[in-house]
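1. return atomic coordinates for the entry below.
(4 chains)
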2 protein chains.
Amino acid sequence: MLTAKTNIIENIPAMLQNKGISPSIQRIKIFEVILKNRVHSSADYIYRELVHEIPTLSKTTVYNTLALFVEKGLINSFSVDSTELLYEHSNKPHAHFQCEICKEIFDMDFNSTIFNMKEIEGNMVNNVHIIFRGMCKNCKTKIKNK
Amino acid sequence: MLTAKTNIIENIPAMLQNKGISPSIQRIKIFEVILKNRVHSSADYIYRELVHEIPTLSKTTVYNTLALFVEKGLINSFSVDSTELLYEHSNKPHAHFQCEICKEIFDMDFNSTIFNMKEIEGNMVNNVHIIFRGMCKNCKTKIKNK
DNA sequence: GTATCTGCAAAACATTTGCAATTCT
DNA sequence: AGAATTGCAAATGTTTTGCAGATAC
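-> Alright, predicted model coming up:
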């Protein structure tokens, strides 16, 4: 029996084709990495994850593919105070927490009517990104136990 | 009679000292640029604004100063899907709108209880950043009139 | 005169671009 | 063969780093 997750991953070619993207090996694998790592998939991270499996993979392809995915609306790109763009599957509205100590970025299961806003001050809203920053519970515990 | 704005700008040395930053000419001028341009002050923008007035100014100093300001909590840095970090005076909670067409970033006069959150899923929140993305009213008008 | 601050030059790092090689149909 | 895709190498742009010179107290 298939779990929900493997099920999704086995359907990657179909998911790509649904968005008008022809499913090459590289594209399938890149999207798989993004699906497995809901947050903080950087181009470099994806490259490092895959280069062993696909030794000929180039970063250019990773960048090209990510740009294509964003253009087709398959994934979103965002950045949190950094030089590095991050990518994630554009499924649900975004809420992220970034720890100012360990720099880690966590997905927050957070709902708000803000995500439903379609207009603000006369501007048309396509998507909303909420970023919380502070100290994560892990770092809080570490500091307490010092 | 002083307006509120000139009043603030004349107090820059005091504002810096309040945060434990000694007010050199470069630091005063850099902060002045940030105060005048509430949004989208990039390191490069600040440099270009000041290099005529302070011909010896170097980008290193701009970067050093911005890092110092952020460290002391005088300003916040943020980035919106771009390589370039942006800086603004950390006065009020943030809400930005970025147009996907013209790439411009606008300050939104937007209030939400989310800005008051001090905790989320056990993590300590220091600040909250909300980014709306879509099509700004200017671009909407341009497209309509085509 | 010592600590702080500034700035040049070079390095580092993410991303983009031009173009050639490869793959798919 | 022709079109799409991949990938190397070089360029670009932002930010960081090492260190020397200037400035301030």
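2. okay, A:Glu119: pLDDT?
-> A:Glu119 is assigned a predicted lDDT (pLDDT) of 95.
3. please name the bridge partners of it.
-> Beta-bridge partners for A:Glu119, by DSSP bridges, are A:Met124.
4. what's the burial count for it?
-> A:Glu119 has 11 neighbours, counted by other C-beta atoms under 10 Å in any protein chain shown. For the C-beta atoms, the positions are set from N, CA and C on the backbone; glycine is no exception.
5. what about stretch A:47-66 and chain B, any contact?
-> No. Applying C-beta under 8 Å from any C-beta of the partner chain, one finds stretch A:47-66 separated from chain B by no less than 12.3 Å.
6. quick one: end-to-end distance for that stretch.
-> 11 Å (C-alpha to C-alpha, to the nearest Å).
7. what comes up buried for it?
-> Within stretch A:47-66, the residues scored as buried using 16 or more other C-beta atoms under 10 Å in any protein chain shown are A:47, A:49-50, A:57, A:61-62, A:65-66.
8. need the residues you listed in TSV (columns: secondary structure and pLDDT).
-> Below are those laid out as TSV (DSSP: H, G, I helix; E, B strand; the rest coil; pLDDT from 0 to 100):
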residue	secondary structure	pLDDT
A:Tyr47	helix	96
A:Glu49	helix	95
A:Leu50	helix	96
A:Leu57	coil	96
A:Thr61	helix	97
A:Val62	helix	97
A:Thr65	helix	97
A:Leu66	helix	96
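9. quick check: domain ranges of chain A?
-> Domain ranges of chain A: A:4-88, A:95-144, per automatic domain parsing.
10. what's the closest of those to DNA strand D?
-> Counting by C-beta to the nearest atom of the strand, DNA strand D lies closest to domain A:4-88 out of the domains of chain A; the figure is 2.7 Å.
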